[in-house]
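**Student:** Task: produce atomic coordinates for the following.
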Amino acid sequence: MDILFNNPAQAGAGQAPADVIKDGSIATFAADVIEASMTTPVIVDFWATWCGPCKQLGPVLEKLVRQAKGAVRMVKIDVDKNPELAAQLRVQSVPAVYAFKNGRPVDGFVGAQPESQLKSFIQRLIGDAAGGGLEEALEEAKTFVAEGDFETALQIYQEVLAQDPTNAPAYAGIMRAQMAAGQVDAARDLLSQLPPDLAKHAEVQAVRAALELAEQAGEAGDIAELRRKVADNPDDHQSRFDLAMAAYAGGQRETAVDELLEIIRRDRSWNEEAARKQLIKLFEAFGNSDPLTVQGRKRLSRVLFS
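**Tutor:** Next up is the predicted model:
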C-alpha cells in the first residue's frame, strides 16, 4: 500500500478526518481556507467540469491528501460557480492549485502534475507547517527511496540542502538514491566532490563502503556457478567469499552475511581475516541501526568468541 506520510506526529492516528476534503465557495472560503489554515495547511484546487487535466489531477491530489491523515486539508473550488473568487486570486487557467498556511498563500502551481511532484508539494507544505523539520524530511526521503520513488526523494534531499548546505545525511541520501536508481557513477562523482569535513561523516562513510562493495560485487562472478563450487568444496573460501559478494549484488543481503560468517566459522584467519573485514564493511554499508547489522554483529560475536 502506498503510504505518503508515515511520521506519526504528522499523520496522526487512524484514518483521515471525514471533512479533510471539502467543496468550497466564495461564501465558505474565509472559514474553510483562511481560518482553517491558521492551524492546518490547506490546499485549494481550482477546477472546472469541462477541464480534462483537472480530471487527472483532482483524484490523485485527493488520494494524497487523504493519505496525509489530517496533516493537510483540501478545498475544491469550481471556477464556473465562483468566478469572483477565481478572479480575486488571479486564476487565469485551470487546474490551479494554491497552498495556504497561516491565512495566506505560500505555494502553488498551474496544470496537471505527476504524482511524484504532488507528493513533494504536500511534503513541503507539511514540513513547513512542522517548523521546517529537516529530520522529518530526511526520514520521508528515505521512505521514498525504499518505495522506488527516487525522483521525489532527490527533490526532498535538495530542499534540505537548500536550507542546510552542510547537511551530510542529505548528501548521503542523494548518493544512496542514485545508487538505488542505478546511477553509481553519479554517486561516485558526488562523493569525490565533498569537502573533507562532510566526507568524514558516518553516513557518508557508509555510502563510501557501499560503493566499494558494489564495485567488488560486480566482479564476483556468476552466482549459480559459485554455489556449485561451494557445494563441491565447502572449504573453497575464495568461491564462498565471491558467492557472498554475488549475493550482495543481487540484493540477497542475508545470504551475503551468512556466507561470510561461514568462512569465519571455518577459518577466521583465512586471507588475513578477509571475511571478517568484509562483513564489517557490509555492516557499515547497511547502517548501524539496520536489523541485519544488529543481528549480524551478535552472530559474529558468537562465532569469534565461541
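**Student:** Kindly export stretch 176-187 (C-alpha atoms) in PDB.
**Tutor:** Extracted in PDB, the C-alpha atoms of stretch 176-187 (Å, rounded to 0.1, in the frame of the first residue of the first chain):
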ATOM      1  CA  ARG A 176      22.100   6.200  -1.900                       C
ATOM      2  CA  ALA A 177      19.100   7.200  -4.100                       C
ATOM      3  CA  GLN A 178      21.400   7.500  -7.100                       C
ATOM      4  CA  MET A 179      22.900   4.000  -6.400                       C
ATOM      5  CA  ALA A 180      19.400   2.500  -6.000                       C
ATOM      6  CA  ALA A 181      18.400   4.100  -9.300                       C
ATOM      7  CA  GLY A 182      21.500   2.600 -11.000                       C
ATOM      8  CA  GLN A 183      23.400   5.800 -11.200                       C
ATOM      9  CA  VAL A 184      26.500   4.500  -9.400                       C
ATOM     10  CA  ASP A 185      28.900   6.800 -11.400                       C
ATOM     11  CA  ALA A 186      26.900   9.900 -10.400                       C
ATOM     12  CA  ALA A 187      27.100   8.800  -6.700                       C
END
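**Student:** buried set for that stretch?
**Tutor:** For stretch 176-187, a neighbour-count test (16 or more other Cβ atoms under 10 Å) marks 176-179, 181, 184, 187 as buried. Every residue, glycine included, has its C-beta placed from N, CA and C.
**Student:** From what I see, Glu115 and Leu64 are in contact.
**Tutor:** Yes - the pair Glu115 / Leu64 is scored as a contact, 7.4 Å apart, by Cβ atoms under 8 Å.
**Student:** So for these two, which residue has more residues nearby?
**Tutor:** Remark: of Glu115 and Leu64, Leu64 carries more neighbours, 21 against 16, as counted by other Cβ atoms under 10 Å.
**Student:** quick one: that one from Ser301, how far?
**Tutor:** Note on Leu64: its distance to Ser301, by Cβ to Cβ, to the nearest Å, is 45 Å.
**Student:** what's the answer for Val79, then?
**Tutor:** Val79 is 66 Å from Ser301, by Cβ to Cβ.
**Student:** quick one, which of these two is more surrounded?
**Tutor:** Counted by other Cβ under 10 Å, Val79 and Ser301 do not tie: Val79 has more neighbours, with 21 against 10.
**Student:** show me what contacts the more buried one?
**Tutor:** The contact partners of Val79, by Cβ atoms under 8 Å, 6 or more residues apart in numbering, come to 46-48, 86, 91, 94.
**Student:** try it again with 7 Å
**Tutor:** By Cβ atoms under 7 Å, 6 or more residues apart in numbering, Val79 lies in contact with 46, 48, 86, 91, 94.
**Student:** so which of those is the most crowded?
**Tutor:** Neighbour tally across the contacts of Val79 (other Cβ under 10 Å): the maximum, 25 neighbours, falls on Phe46.
**Student:** Helix, strand, or coil at it?
**Tutor:** strand (DSSP: H, G, I helix; E, B strand; the rest coil).
**Student:** isn't it right up against Ser93?
**Tutor:** No - using Cβ atoms under 7 Å, Phe46 is not in contact with Ser93; the gap is 9.1 Å.
**Student:** What residues does the closest residue to Lys142 other than its chain neighbours make contact with?
**Tutor:** Of all residues not flanking Lys142 in the chain, Gly173 sits nearest, at 6.7 Å (Cβ to Cβ, 6 or more residues apart in numbering). Applying Cβ under 7 Å, 6+ apart to Gly173 gives the contacts 138, 141-142, 153, 157.
**Student:** The closest residue to Gln123 other than its chain neighbours and Met175: what is the separation?
**Tutor:** In space, and not counting its chain neighbours, Gln123 is closest to Glu140: 5.7 Å by Cβ to Cβ, 6+ apart. Between Glu140 and Met175 the distance is 18 Å, computed by Cβ to Cβ.
**Student:** between the two, who's got more neighbours?
**Tutor:** More neighbours surround Met175 than the other of Glu140 and Met175, with 27 against 23 (other Cβ under 10 Å).
**Student:** That one falls within a helix, correct?
**Tutor:** Yes - counting by three-state DSSP, Met175 is part of a helix.
**Student:** Is the residue nearest to it when sequence neighbours are not counted in a helix, a strand, or coil?
**Tutor:** Excluding the flanking residues, the one nearest Met175 by Cβ to Cβ, 6+ apart is Ala187, at 4.0 Å. Each residue gets one of three states, and Ala187 gets helix by three-state DSSP.
**Student:** Perfect, I'm done here.
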